[in-house]
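**Q** show me the folded form of this:
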Amino acid sequence: MYDVLIGCIGAFCFYFVCLAQLLSAGFQSMENLAQSENSGRLIIVAYRLPFKLVMENDEVKLIQNSGGLVSAVLSLVKDQESAAFNQAEKIQWVGFSENTAEELEGQSMANESFQAHPVFISDETNENYYEGFCNNLLWPLCHYFPSLARFDDVYFEAYQEANQLFFNKLDEIIQPGDVIWVQDYQLMLLPELIRQKYPTNKIGFFFHIPFPSFELFRLLPVHWRKMLVDGLLGADVVGFHTNDYVEYFLKAARLVSGYGNKLHYINMSNRIVKVDSFPISIDFNKFNEAYDDPEVAAARYEARQSLKEKIIFSVDRLDYSKGIIHRLRGYQRFLERYPEWHEKVSFVMVVVPSRDTIEQYQQMKSDIDQTVGKINADFGNIYWQPIIYQYRSMAYTEMLGMYTASDVALITPVRDGMNLVCKEYVASRKDSKGVLILSEMAGAAAELGEALIINPLDRQDIADSIKTAFEMPEEEQTKRMEAMRERIQSYDVFAWTNDFFTQMTMLELEHERLRQVFLTTKGIDAIRQAYESASNRILFFDYDGTLAPIVPDPAQAIISEDIKKLLTEIARRDTVVIVSGRDKEFLDKLFADMPVHMIAEHGALIKMKGSETWQLNESYEENWKDSIRPIMDLYEKRCPGAFVEEKETALAWHYRTADDKQYATRRAQELLWQLKNYIQPELNLQVIDGSKVVEVKKTAFNKGTSARTLVENGEFDFVLAIGDDTTDEDMFEALPDTAFTIKIGDDLSAAKNHIRSQEEVFHFLNFMVSSIGE
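**A** Below you'll find the model as predicted:
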């Protein structure tokens, strides 16, 4: 029998479950990537090693910690075929060891399947790093207890030092092709440290606790919060438990580091980061099958014989985030309001010791002890004890016995990243009986809607839910329980890791699609040959950053005479289209005397060659600007030097001319976030994060739709498009596969080729057309 620290709750057990899942179904999702002969190893990095290092006969042995990590991995990895990791190699695990380097010197740190790599941190540094920055700052801040957070420069210095020590250990072992999976809030700086030295290795990160709203995250000093966000963005895939946490992080990435996102993809210019929710789960079969285990059955029978008619069960480690006091007060209200249940209910509450050498936790335990004593004194008698309270760890079979004997599982955290106890309870109920009462503040509440969802701070809500649970017919219990069990079974811990590594696979495919291929002499020559051999050509050119350089004052961005002359020569024999976000007046001023088509305001207005009038896109609808203009006007007033431009079909907030560039960038990120959250889908408006401009326009048209219409209306045998902005991506993606698409700069793009700067545009075009006479 082994002790279980509340089944699989807590950050340490998260790691155990993560790796077990990773080595099963996760492999299958990546089989189309590198196969065993060419693939690298899996490296897990977590604060703790999942083993105890025990000295026996002057040798170190890896002893499995409670939670069953090693046995789970061994059972899962045996039958894996076409794995994404090299099965000939052991799984590498980097983690902190309480042993000293001297104690482990010369010792083998491996067993049959794992190679442990201990990280040695001095006691003083570890105290300020783990107990300090991690547990006295990040933990309370992320669990919405800012008053308990301690901001100390020494803490952050230790956090940086410890993350560097983890990297130093990784640096000793990383090989080409290795996949590194970093775990949790203790190592937020590590992905970026890895990325800087090993830019081609795949890196994943999973955040096991809640990521706080930006209003709480911004309490961190500016330098600290930027380092934490940038640290996580060093990973390829960043995972959180819920969509709420994802959105909170994406807002922090935008407002702290200036990175926007598109469908949870963050474009870092030279690579993409995927941020998504992966609700961690449990080994459903393990808990389901435990119902029939003889020891569990015996524990269940004993509980049923010794306790009252109705049994409530809860188990948590000692922590202020678990809502234990609120739970007791809710139960107290139940006993006050519903006296008919006196002497008919037993509330078994187990609290597992945690950090109880710290004064704050000692006080918490004292408050719990006193509250339990008061409730038992006020309502109990010599024959009945309303609360059976124990402060200890539970044996696994004992815990499963209580799960399966109880009528109600009462789980009331005031904030919890996921909470696996509720999933363990549901998975263990093979009889489909029992009622789950679950806090809406737990991440699991988003998945387990059939539970009785309560506000943990509302005593009456808890009391009423207990009464509802006791009176719930078995038929309804079964209906609710079976729905939750089916959901957990279909998205168990194995599906969780498969999901995570599937996203990593998809990201690699996206990188391949958007890879940067800079034009070489050979590539330019191939385009020239295609141009020469074609008889009906069409060429699309963005304006700012393509035909004209980016300058502080947009009004001064004027095309050079050399490019204008070259374009005129090309337009005499080919179809040339200027595709810009500029307004029609600006384009008319520059190009009215040239034989070119013009597309203004990102496709809203079109002027055909030889025409005197501009045509408004038939999909355009009026009467939307009045609701957006006041927001932009407010940000214009807040940011000296910024200004609002009202185009015929769009509104643009320019900040290239702002007095304080850094301040303006922050305001731009806030404006983008506010607009994207303010604008309702039915308005059909698009928010564009351009080059030093935030623009709003209708979604019915863009550069891509306009370019595609022109191509489809002509039988062109050569199509070329050049652009530098995010809005040009619509054009690159809309044009046919045979088109030559070129992105200016090194940002990731759907364009097939890149050239490095706007200055190279003239030389490229001049070379392309040089062999053709007028």
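**Q** my guess is residue 757 contacts residue 743, does it?
**A** No. In terms of C-beta atoms under 8 Å, residue 757 does not count as a neighbour of residue 743; the distance is 11.6 Å. In short, each C-beta sits where N, CA and C put it, glycine included.
**Q** between those two, who's got more neighbours?
**A** residue 743 (27 against 12; other C-beta atoms under 10 Å).
**Q** show the subsequent helix or strand relative to the helix or strand containing that one.
**A** In the assignment (DSSP states H and E), residue 743 maps to strand 740-744. Going down the chain from strand 740-744, the next helix or strand is strand 753-755, by DSSP H and E.
**Q** that next one packs against which elements?
**A** Strand 753-755 sits against strand 740-744, with contacts defined as 3 or more C-beta pairs under 8 Å, 6 or more residues apart in numbering; DSSP states H and E.
**Q** one more time with 10 Å
**A** Applying 3 or more C-beta pairs under 10 Å, 6 or more residues apart in numbering; DSSP states H and E, one finds that strand 753-755 makes contact with helix 521-533, strand 740-744, helix 759-769.
**Q** which other residues reach that strand?
**A** 515-520, 523-524, 526-527, 722, 724, 740-748, 761, 763-764 (C-beta atoms under 10 Å, 6 or more residues apart in numbering).
**Q** return a PyMOL selection command for the buried portion of those residues.
**A** Buried subset of the contacts of strand 753-755, written as a PyMOL selection, criterion 16 or more other C-beta atoms under 10 Å:
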select buried, resi 516+519+523+524+527+722+724+740+741+742+743+744+745+747+748+761+764
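**Q** in the stretch 501-650 of the chain, which spans are helices?
**A** 521-533, 561-571, 584-591, 625-638 (DSSP state H, counting those that start in this stretch).
**Q** could you pull up the mean pLDDT of the first one?
**A** Looking back up the chat, that one is helix 521-533. Mean pLDDT, helix 521-533: 92.
**Q** so what's the most centrally placed residue in the chain bridging to?
**A** Centroid-nearest residue in the chain, with C-alpha atoms, centre = their mean: residue 275, separated by 3.3 Å. Taking DSSP bridges, one obtains residue 238 as the residues bridged to residue 275.
**Q** number the residues from 35 up from this point.
**A** New numbering, starting at 35: the last item is residue 309.
**Q** does it really touch residue 285, like I thought?
**A** No. Counting by C-beta atoms under 10 Å, residue 285 is not a contact partner of residue 309; they are 11.0 Å apart.
**Q** common neighbours of those two, please.
**A** Counting by C-beta under 10 Å, 6+ apart, the residues touching both residue 309 and residue 285 are residue 295.
**Q** low pLDDT regions in the stretch 235-384 of the chain?
**A** For the stretch 235-384 of the chain, applying pLDDT under 70 flags no range at all.
**Q** would you list every one of the strands in it?
**A** Remark: strands assigned in the stretch 235-384 of the chain by DSSP state E, counting those that start in this stretch are 236-240, 271-274, 299-301, 306-311, 344-351, 379-386.
**Q** name the residues that touch the third one?
**A** For strand 299-301, the surrounding residues in contact (C-beta under 10 Å, 6+ apart) are 267, 272, 283-284, 287-288, 291, 293-295, 306-310, 541, 544, 548, 760, 763, 781-783.
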